[in-house]
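*Asks:* Coordinates for the following, if possible.
(chains A and B)
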Amino acid sequence: MAPIAIDGVRKVYPGPVEAIPNLSLEIADGELCVLVGPSGCGKSTLLRMVAGLEEITGGEIRIGGRRVNDLEPAERDIAMVFQNYALYPHMTVYDNMAYGLRNRGVPKAEIRALVDEAAGILGLSALLARKPRQLSGGQRQRVAMGRAIVRKPQVFLFDEPLSNLDAKLRSQMRVEIKRLQRRLATTSLYVTHDQVEAMTLGDRLLIMNHGIAEQVGTPMDVYHRPATRFVAGFIGSPMMNFLPGRVAGDGRGVHLPGGWLLATAKARGHAGRPVTVGIRPEHLQPAATGTDSDTITLRTELIEVLGADTLVHGRLDGHDDTVIARLPGSLQVAAGDNLPLAAEPGTVHLFDETERAIGHV
Amino acid sequence: MRTKTVTFRHLWLPYLLLAPQLLITAVFFLWPASQAIYYSVLQEDPFGLTTQFVGLENFRRLLADPLYLESFLTTVVFSVLVAGLSMGIALVLAIMADRVIRTALLYRTLLIWPYAVAPAVAGVLWFFLFNPTVGVAAYALDALGHDWNHYVDGTDAMALIVIAAAWRQVSYNFLFFLAGLQAMPRSLTEAAAIDGAGPLKRFLTIQLPLLSPTVFFLMVVNIVYAFFETFGIVHATTAGGPGNDTVILVYKVWRDAFEGLNLGSSAAQSVILIVIVVALTAIQFRTLERRVEY
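*Replies:* From the prediction side, this is the model:
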């Protein structure tokens, strides 16, 4: 059990390519922190630096207060679950799990006890004599987990551990990982590009883009108060609608396409300047009429019926991009209808020209 | 490996497509092999005027001939040394090449060149390097206190043909080892590193066991090579000498037939060699199907 401190870490690959310019993050003891971002954002690089598989160009990483920059992976007291599981194909499940313990000179009887305990936790007891190729995807995943927990390390590192599984198994293993991490209370760093995984697993999320930490926060934080336009667009499905707006000269509202005026004083500092307004599809609701200045009229083009919800795709006057609204499934709507919509109060996000959040209305 | 079933519209087309290969096999293998079997049961008088059927007499004499048994032993020693040396060097080179990222292609290309050198040329090359009077390597060994002379010292002669034969085979083995190493997911060695295994232990417990099918395959290939494809090297360097110290089986076949003019015995030796190569090839085909799955 140990906190992880990532302090001004920098990574430059020969080229030179700066993968991570400067990143800091504190992970509390027992916390599960998810690194999430599009591919190539540097999240795996960061994880591999913590693991000791990549050289740290600058800055410092501490595990349990101990500087680990120059320590070998084996000396960092960590365990890692790889995307392809990296099980040793020529060893049995038992030997896969015992390998790390044997290398550390743990007595035989103790190895037996530790492997049996881990296998019990993961439901692998009946499979200990099998080779990895005789296991299903989910079982292999479990062995990879077993290999990690059997050593009782200070830190777990997960590198997209679920992305090789099918959708059903993935959601099942997601719950198992969460339960296991709670039970063992081991500090964990979890890399994924899947925002659902990130939201459901993480105590906190670090959203990365181009090697930069866009936002660090709880799942609710990043969903309700995205710090940047990138975070707002990355978290949530379907994606947040972005509309170009201009702050009124007196700073008391934002003019939007379709004659919509969003009344707010939060953009006062940006009077007369362009802003981006973001509204999640699930925060658009049917309004009574289409004439008020706080409602928008959507010319519907495509209806996706999901059962509980209906996704309505359409366009606004004076704006070319598609706008999506997630409406209750009970609503009767047909393609071609003009649909008046209003945003729920407190769910509209304003971003300035640098894409930073100004406020949430 | 999955094979696709193709249906031809005309019956003659598949045979036509197979014909060139079948023709080559027939002319260069089936016909000579059948001739060898035919002659192996005959004996000729020294002037080649009469021929007589003797059954298995040629084989019986061979197996009772101490010179032949000695040649067998020489061949075993030679092929084990060639396989061991060429595979050992190739493995070390492959491990080093596997770590190189930038100029990997250049490195690989350079290492493959020796394979393009004909055995006889390779033999001549090493013959000059180790020539007791003008050879650079012999001179260097002399300076180190070893009086190299493969004309009189059987061990030196054996070392010379082993080096010459192994040198050519290193590149072939290297290619297979490198491909085997590169097919291994990097995360396996990374996982082992996290599991506390140092570089040597990682190699011995993870990489080498996973390379074992390659090792076995190459072992068979190298033994086949040392048994059957090294005539040129022996002929160009030691010519079997000194005495009979480097007379390997293929060399003896040639010498008994074309210098000793004992066609029957030579043919019988060829038949024995054919049986050995068929057996080794069968083993090799079996092991080809054993593949590691990651």
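
*Asks:* right, and residue A:216 touches residue A:202 too?
*Replies:* No - counting by Cβ atoms under 8 Å, residue A:216 does not reach residue A:202; the two are 10.5 Å apart. Placement of C-beta: from N, CA and C, glycine included.

*Asks:* For chain B, just list every one of the strands.
*Replies:* Ranges of strands within chain B are B:42-44, B:51-53, based on DSSP state E.

*Asks:* and those, which is most packed in?
*Replies:* Compared across the strands of chain B, strand B:42-44 shows the largest average neighbour count, a mean of 16 (mean count of other Cβ atoms under 10 Å in any protein chain shown).

*Asks:* Give me the nearest residue to residue A:138, chain neighbours excluded.
*Replies:* Spatial nearest neighbour of residue A:138, chain neighbours left out: residue A:169 (4.9 Å); criterion: Cβ to Cβ, 6 or more residues apart in numbering or on different chains.

*Asks:* Over to residue B:182?
*Replies:* Using Cβ to Cβ, 6+ apart and skipping the chain neighbours, the partner closest in space to residue B:182 is residue B:98 (6.3 Å).

*Asks:* Any idea how many residues pack against the one you found?
*Replies:* 17 (other Cβ atoms under 10 Å in any protein chain shown).

*Asks:* How many residues are close by the nearest residue to residue A:193 once chain neighbours are set aside?
*Replies:* Sequence neighbours aside, residue A:39 is the residue nearest to residue A:193 in space, at 5.8 Å (criterion: Cβ to Cβ, 6+ apart). Residues lying near residue A:39 (other Cβ under 10 Å) number 8.

*Asks:* quick one: residue A:349 and residue B:181, what's the gap?
*Replies:* 51 Å (Cβ to Cβ, to the nearest Å).

*Asks:* With residue B:242 instead?
*Replies:* The spacing between residue B:242 and residue B:181, counted by Cβ to Cβ, is 41 Å.

*Asks:* between these two, who's got more neighbours?
*Replies:* More crowded of residue B:242 and residue B:181, by other Cβ under 10 Å: residue B:181, with 20 against 16.

*Asks:* per-residue pLDDT, the nearest residue to the more buried one once chain neighbours are set aside?
*Replies:* Spatial nearest neighbour of residue B:181, chain neighbours left out: residue B:98 (4.4 Å); criterion: Cβ to Cβ, 6+ apart. At residue B:98, the predicted lDDT confidence score is 82.

*Asks:* ok, residue B:98 touching residue B:179?
*Replies:* No - shown here, residue B:98 and residue B:179 do not form a contact pair, counting by Cβ under 8 Å, at 10.0 Å.

*Asks:* gap between the residue nearest the centre of chain B and residue B:168?
*Replies:* By Cα atoms, centre = their mean, the mean C-alpha position of chain B lies nearest to residue B:225, the distance being 1.4 Å. Distance, residue B:225 to residue B:168, by Cβ to Cβ: 9 Å.

*Asks:* could you list every residue that touches residue B:256?
*Replies:* Residue B:256 is in contact with B:262, B:265, B:266, B:269, counting by Cβ atoms under 8 Å, 6 or more residues apart in numbering or on different chains.

*Asks:* Try it again at 6 Å.
*Replies:* Applying Cβ atoms under 6 Å, 6 or more residues apart in numbering or on different chains to residue B:256 gives the contacts B:262, B:265, B:266.

*Asks:* Can you tell me which of these is closest to chain A?
*Replies:* Taking Cβ to the nearest Cβ as the measure, chain A lies nearest residue B:266 of those, at 46.0 Å.
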